[in-house]
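# Starting from these lines, generate the structure:
(chains A, B, C and D)
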Number of protein chains: 2
Amino acid sequence: MARYRDTRERILDVALELFTEEGYDRASLREIAERLGVTKAALYYHFPSKADILFALHLRIHALIDEPLQQLRAAPVTLGRWETFLSACMEKLEGNTALFLLHRNNQVAFSSLHNEAHRHAHTELEAWANMLFSDPSLSPGERLKMAASFAVAFLTPMLAAPLISPGNEANMAPALRRIIHGVLRTATEDSASSARNGSGPRPTAPPRLAVRNRARN
Amino acid sequence: MARYRDTRERILDVALELFTEEGYDRASLREIAERLGVTKAALYYHFPSKADILFALHLRIHALIDEPLQQLRAAPVTLGRWETFLSACMEKLEGNTALFLLHRNNQVAFSSLHNEAHRHAHTELEAWANMLFSDPSLSPGERLKMAASFAVAFLTPMLAAPLISPGNEANMAPALRRIIHGVLRTATEDSASSARNGSGPRPTAPPRLAVRNRARN
DNA sequence: GTCTATATAGGGATAGAC
DNA sequence: GTCTATCCCTATATAGAC
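Numbering: from 1, shown residues only, chains lettered A, B, ... in the order given. Below is the predicted model:
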C-alpha cells in the first residue's frame, strides 16, 4: 500500500521522533505503531527487531557525515583540516538536528548495537571522535583543542538551539565558526612558538600535559 | 546492620555505577540488588521507588555545584562572572566525573523526574543552563559564547578524558580554562566595541560587558 | 502488508514472615 | 533491615489468518 510513500521510511520518521523525545528505551513499538496508525505486528514486517529500527536511523546519521569524514581520513590530521571537517559537518547537519539529538540522547542504546550483532564499520560520532582524539601524532594540547572545538560545534547548538532563537539555527553557525576558529588557535604550552602568556585566570602552569599515553587499541 | 557503612549510601554507589554504565532505563533493580548482595525487596526499604534512587543521585550532583550556582545567581550575569562560575564548577567536579556522566547519559530519565512527582527547585545542569542561555538581558552573541564555554568546560572532558591521558584529568583543566577564556572573548558582531581584536586570549580588563540584568529569582 | 491473538520474559512494586 | 513469594503490568516478538 504505502499510502503516502514508503512505509518503512514513515516508520523511521516516527521512530526518530519518539526515540529522541522519550529515549529509545522508553519509546515502545506500540507507541510508534499507534502514532502511525498501524499495529505492532506491522512494524515487524519491515524490521526484524526494535534494535534494527535504531540501527537504520544510525545509518542515516552515518550517511550524512560520511563524506566529510572520508575527506578527513584521506590525509594526516591537522588542526586546519580538522576545522574544515567540522565546518563541513556543521553544514551537513543543518536542518538535521533531530538525527543528531537522537544520537546524543541515546548513547547507551547506540553503543549496545554493535556489542550485540553488528560487525560493520561503526563510525559513530563518539567512536571516530575518540579515535582522533587519541591520535599520537598530535600533541595533547592539539587533541584537547580538537575535542573542545568538537564540543563547540556539535554540543553547543543542542544547549542553545531551542533557546537562543528557535528556528533560525542557521544564524548561529557563523558565530560558532568564529568561536571554533579561535579555540583551535588558543595558545598552548606545547604549541612550540607561543611565548604569549596572558594574565586572566592564571593557569599556574603544570607546564606540560604529561602524555606517555598509548593508543589502547 | 549496615555492614560497611550506611546501606543507603552503598545502594546509591552501586546505582551510580549501573545507571552510568547501562543507563537508568536499562539498569534493573535486580541487577543493583545482586551486585550489592541483597534482594530487590531490600532496596524498597530504603527507597520507595526506582525513580527515587535516581533522584537521590540527582541531589548529590546538586549539592556539588550548588555553591557556585548560588554565587552566580547572587548578581546579574556577566561573561566574567560566568567564567568564574565555570571555573568553580570544574573544580568541584574534578574527581566526580561519574556523577556528571550519570547526568549526561540519562537526560531523559532526569527530565522525567520533575514531570512526575517532584516540585522542588530543579537546577539540573541543562535546566539552569537553559535558563541562563535564554536570559534576554544578554545579547544572542553573549549567550552563544556562554553556551559554547559551557560545552567546552563540561562536555570536552567527556570526549577527551578517557583518551588523552587516563587518570590525569586534572592536567587538562588549565588548558581548558585558557580555551574558555578565549571563547568568552571571541569577537562578535553584536559586541559593539569589538575593535579589540588582539591575537590570542587578550588578558586585561575583565568583562564589563554590559549587563542590565535582573536577578530573576 | 497488515491484521488478531498469543507466547514469553522481565520489569517495578507489595505483603508479610523473620 | 532483610528475606521469600507473588502480583500486575508492559514490553518485545511470533504464529498464522486475511
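
# show me where chain A has helices.
Listed from the start of the chain, chain A has helices (DSSP state H) covering A:7-22, A:29-36, A:40-46, A:50-73, A:79-93, A:97-105, A:107-116, A:125-133, A:140-150, A:156-164, A:172-184.

# just so I know, which of the ones you listed lies nearest residue B:102?
Nearest to residue B:102, of all the helices of chain A, is helix A:107-116, at 11.5 Å by Cβ to Cβ. Every residue, glycine included, has its C-beta placed from N, CA and C.

# wait, does that closest one make contact with DNA strand C?
No: counting by Cβ under 7 Å from any atom of the strand, DNA strand C is not contacted by helix A:107-116; separation bottoms out at 14.0 Å.

# what distance separates that helix from the centre of its chain?
When distances are taken as Cα atoms, centre = their mean, to the nearest Å, helix A:107-116 is centred 15 Å away from the chain's centroid.

# before we move on, what about stretch A:30-48?
Relative to the mean C-alpha coordinate of its chain, stretch A:30-48 is positioned 28 Å out (Cα atoms, centre = their mean).

# Contacts for that stretch, please.
The set of residues external to stretch A:30-48 that reach it, using Cβ atoms under 8 Å, 6 or more residues apart in numbering or on different chains, is A:7, A:8, A:10, A:11, A:14, A:15, A:17, A:18, A:22, A:29, A:53, A:56.

# So that stretch, near DNA strand C or not?
Yes: with Cβ under 7 Å from any atom of the strand as the measure, stretch A:30-48 is seen reaching DNA strand C through A:33, A:37, A:38, A:39, A:40, A:41, A:42, A:44, A:45, A:46.

# From start to finish, how long is that stretch in a straight line?
Taking Cα to Cα, to the nearest Å, the first and last residues of stretch A:30-48 lie 15 Å apart.

# List the buried residues of that stretch.
A:31, A:32, A:33, A:36, A:38, A:43, A:46, A:47 (16 or more other Cβ atoms under 10 Å in any protein chain shown).

# Domains in chain A, by residue range?
Using automatic domain parsing, the domain ranges for chain A come out as A:1-47, A:62-184.

# where does chain A have its least confident helix or strand?
Of all regular secondary-structure elements in chain A, judged by mean pLDDT, DSSP states H and E, the least confident is helix A:125-133 with a mean of 68.

# ok, back up a step: buried deepest among the helices of chain A, which one?
Ranked by average neighbour count under the criterion mean count of other Cβ atoms under 10 Å in any protein chain shown, the helices of chain A are headed by helix A:140-150 at a mean of 26.

# who does that helix touch, helix- and strand-wise?
In this structure, helix A:140-150 makes packing contacts with helix A:79-93, helix A:125-133, helix A:172-184, helix B:156-164, helix B:172-184, judged by 3 or more Cβ pairs under 8 Å, 6 or more residues apart in numbering or on different chains; DSSP states H and E.

# average pLDDT across it?
For helix A:140-150, the mean per-residue pLDDT is 93.

# Of the domains of chain A, which is nearest residue B:74?
Once Cβ to Cβ is applied to those, the stretch that comes out nearest is domain A:62-184, at 22.7 Å.

# Give me the distance from the closest one to the chain's centre.
With Cα atoms, centre = their mean, you get 4 Å for domain A:62-184.

# ok, and does that domain reach over to DNA strand D?
No: Domain A:62-184 stays out of contact with DNA strand D when judged by Cβ under 7 Å from any atom of the strand, the minimum separation being 9.9 Å.

# how long is that domain end to end?
Its first and final residues considered, domain A:62-184 spans 25 Å by Cα to Cα.

# Equivalent analysis for stretch A:43-53, please.
One end of stretch A:43-53 sits 9 Å from the other (Cα to Cα).

# Averaged pLDDT, that stretch. What do you get?
The average pLDDT within stretch A:43-53 is 97.

# low pLDDT regions in chain A?
Across chain A, residues meeting the criterion (pLDDT under 70) sit at A:1-4, A:114-128, A:161-170, A:189-217.

# Return the residues of it in contact with DNA strand C.
Contacts of chain A with DNA strand C, taken as Cβ under 7 Å from any atom of the strand, map to A:1-2, A:7, A:33, A:37-42, A:44-46.
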